[in-house]
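J.: Just a sequence and a predicted model for now, questions to come.
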Amino acid sequence: MQPAIIRAEQVEKYYAQPSENRIQVISPTDLSISEGEIVALLGPSGSGKSTLLRMLTGLSIPSAGSVYWHEKPIASADVNVSIVFQSFALFPWLTVFENVEAPLKARGMDPAERRKRAMKILDTVGLDGFQAAYPKELSGGMRQRVGFARALVVEPEVLFMDEPFSALDVLTAENLRSELLELWQNKTIPTRAIFIVTHNIEEAVLLADRIIVLGRNPGHVRTDFRVSLAHPRDRKAAAFTQLVDYIYKVLTQPDAQPPALPQTATGRKVRDQRHMQYQMLPHARPGGIAGLLELLVDHNGRDDIYKLADDLAFEIDDLLPIVDAAQILGFLKVTEGDAVITPTGTEFANSEILRQKELFRTAALENVLLLRQIVRAIEAKSDKNVSEEFFHDVLDEQFSEDETLRQLETAINWGRYAELFDYDASRRRFMLPENENPEAESEAASEIDA
């Protein structure tokens, strides 16, 4: 194995709170990038993929731990990396040529050498002839080519890419992926390693020599393995689909020990370092859960998650929260990469709306700690209502502010649907449903009498 170009040792990212607690974004993590490899980083939304990328590039300082560039602390090393962003991030007032030469100009390079380098890389990525065009004149795929050219013109030792193809249509993304791989394999570009953040499982298996999958809350490495498939890789080959299914299993079973690696991959065991009090509620609405269950009933109660996402034209980040939510509620199980509906899930899918609410209410109280605590707190109060602020403060010790608000929003949606409680948004208070709240009925009666 080649020596590491970049090595992270027990890096963490957390944010201090006014209390002694802190919000942990990335738990202590070891990670390295070596010469001659494409590394893909996968994970659900909120797992800290971009945060980890920023720490590895030196753009963000770890809260603890160290990052080394050729075994020198990254803060004092002469780091040579570039980043390709999802949003293209071009200067609209500059031409293609001016955008590409901008980083060389910032480094104070001689104009003649600058022009030579910029023209060469434009030709390499297929932009020769477009140097005088402005970004607004180009398609999304061409703008991203400019992004690649600008990143490569400085001849980075490590090229970082943050969801570089996700803003493109399917065919354009496929074409750019193939061209990037061709440039890499032919050594047309001087880059010695590539690190790509993606949520697209097929993309990772198509490109990467090594794949790292993150879990979340806080971000932590769930599996880290090498892919032994030869290029070019065939999506329909059994070995390819085995790897895709394996990654789906890891992503859809966040609380389980990762399954055994397929024969086409070799990896290392990763210790789960999470210490959680509340499970993270997936941000899925009851209507989406019901739709998924009805679809599974139509598919004889079982379907491959990979195929299901493909049939629905869903990205993995769109489908997984719904699958996770249905799993938490006990409406389905994920087995061997398949979503398998449970008897309760089948009853839910086949029931009328009132029965669905009953089943959802029972499942929520049995399986979701936060909802159970909200209901108990309401019932314990003499006036049968409780401030949202109490639960905000409790969740805020474990989640970031944004995630705390999202957790509460999801809990409110689920609780209202299941008629576990009502929620007054103006006063930010939880209360018993009106038909179960004697005080509310008394107030309503007084208003009618008046």
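T.: Yep, it's here.

J.: you'd agree Phe390 is up against Ala377?
T.: Yes. Shown here, Phe390 and Ala377 form a contact pair, counting by CB atoms under 8 Å, at 7.2 Å. Where you see a C-beta, it was placed from the backbone N, CA and C, and this is true even at glycine.

J.: and these two? which has more neighbours close in?
T.: Taking other CB atoms under 10 Å, Phe390 and Ala377 do not tie; Ala377 has more neighbours (16 against 13).

J.: Just the local confidence number for the more buried one, please.
T.: Reported pLDDT at Ala377 in the predicted model: 89.

J.: Who are the packing partners of the helix or strand hosting it?
T.: According to DSSP states H and E, Ala377 maps onto helix 369-380. For helix 369-380, the packing partners by 3 or more CB pairs under 8 Å, 6 or more residues apart in numbering; DSSP states H and E come out as helix 353-367, strand 385-387, helix 388-396, helix 401-417, strand 429-431.

J.: Can you get me the centre-to-centre distance for it and its chain?
T.: Once both centres are worked out by CA atoms, centre = their mean, to the nearest Å, helix 369-380 turns out to sit 30 Å from its chain's centre.

J.: quick revisit: how about JSON lines for the helices and strands packed on helix 369-380, with mean pLDDT and distance to Ile189 added?
T.: JSON lines is the format used below for the helices and strands packed on helix 369-380 (pLDDT from 0 to 100; distance: least, CB to CB, whole Å):
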{"stretch": "helix 353-367", "mean pLDDT": "91", "distance to Ile189": "50"}
{"stretch": "strand 385-387", "mean pLDDT": "89", "distance to Ile189": "57"}
{"stretch": "helix 388-396", "mean pLDDT": "85", "distance to Ile189": "45"}
{"stretch": "helix 401-417", "mean pLDDT": "90", "distance to Ile189": "37"}
{"stretch": "strand 429-431", "mean pLDDT": "92", "distance to Ile189": "57"}
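
J.: For stretch 367-382, what is the distance to the chain centroid?
T.: Once both centres are worked out by CA atoms, centre = their mean, stretch 367-382 turns out to sit 30 Å from its chain's centre.

J.: Buried residues, that stretch. List them.
T.: Using 16 or more other CB atoms under 10 Å as the test for burial, stretch 367-382 gives 368, 370-371, 373-375, 377-378.

J.: could you dump it to PDB, C-alpha only?
T.: Backbone C-alpha positions of stretch 367-382 (Å, rounded to 0.1, in the frame of the first residue of the first chain) are rendered in PDB as follows:
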ATOM      1  CA  ASN A 367     -41.000   2.700  19.100                       C
ATOM      2  CA  VAL A 368     -40.400   6.500  19.300                       C
ATOM      3  CA  LEU A 369     -39.000   7.700  22.700                       C
ATOM      4  CA  LEU A 370     -39.500  11.400  22.000                       C
ATOM      5  CA  LEU A 371     -43.200  10.900  21.200                       C
ATOM      6  CA  ARG A 372     -43.700   8.800  24.200                       C
ATOM      7  CA  GLN A 373     -42.100  11.400  26.400                       C
ATOM      8  CA  ILE A 374     -44.200  14.200  24.900                       C
ATOM      9  CA  VAL A 375     -47.400  12.300  25.600                       C
ATOM     10  CA  ARG A 376     -46.300  11.400  29.200                       C
ATOM     11  CA  ALA A 377     -45.300  15.000  29.900                       C
ATOM     12  CA  ILE A 378     -48.700  16.300  28.700                       C
ATOM     13  CA  GLU A 379     -50.600  13.700  30.800                       C
ATOM     14  CA  ALA A 380     -48.500  14.600  33.900                       C
ATOM     15  CA  LYS A 381     -49.400  18.300  33.700                       C
ATOM     16  CA  SER A 382     -52.600  19.400  35.500                       C
END
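
J.: Run through who's touching it.
T.: Counting by CB atoms under 8 Å, 6 or more residues apart in numbering, stretch 367-382 makes contact with 278-279, 281, 328-330, 364-365, 384-386, 390-391, 395, 407, 411, 414-415, 418, 420-421, 430-432, all of which sit outside it.

J.: Mind checking which of these are buried?
T.: With neighbours counted by 16+ other CB under 10 Å, the contacts of stretch 367-382 contain buried members at 278-279, 281, 328-330, 364, 384-386, 391, 395, 407, 411, 414-415, 418, 420-421, 430-432.

J.: hang on, Asp169 packs against Ser139?
T.: No. No contact is recorded between Asp169 and Ser139 when judged using CB under 8 Å, the distance being 9.3 Å.

J.: most tightly surrounded among the helices and strands packed on helix 369-380?
T.: Comparing the helices and strands packed on helix 369-380 on average neighbours per residue, with mean count of other CB atoms under 10 Å, the densest one is strand 429-431 at a mean of 21.

J.: Direction included, what does that strand pair up with?
T.: According to DSSP bridges, strand 429-431 has the following sheet partners: strand 385-387 (antiparallel), strand 422-424 (antiparallel).

J.: Of those, which is nearest Ala290?
T.: Closest of the strands paired with strand 429-431 to Ala290 is strand 422-424, at 20.8 Å (criterion: CB to CB).

J.: tell me the average confidence for that closest one?
T.: If you average the pLDDT over strand 422-424, you get 92.

J.: and what of stretch 15-32?
T.: So the average pLDDT for stretch 15-32 ends up being 80.

J.: Ok, stretch 153-172 next?
T.: Averaging pLDDT along stretch 153-172 gives 84.

J.: Using neighbour counts, pick out the buried residues of that stretch.
T.: In terms of neighbour count (16+ other CB under 10 Å), stretch 153-172 has its buried residues at 153-154, 156-168, 172.

J.: Span of it from start to end?
T.: 22 Å (CA to CA, to the nearest Å).

J.: That stretch: how far from the chain's middle?
T.: Averaged C-alpha coordinates place stretch 153-172 at 17 Å from its chain's average position (CA atoms, centre = their mean).
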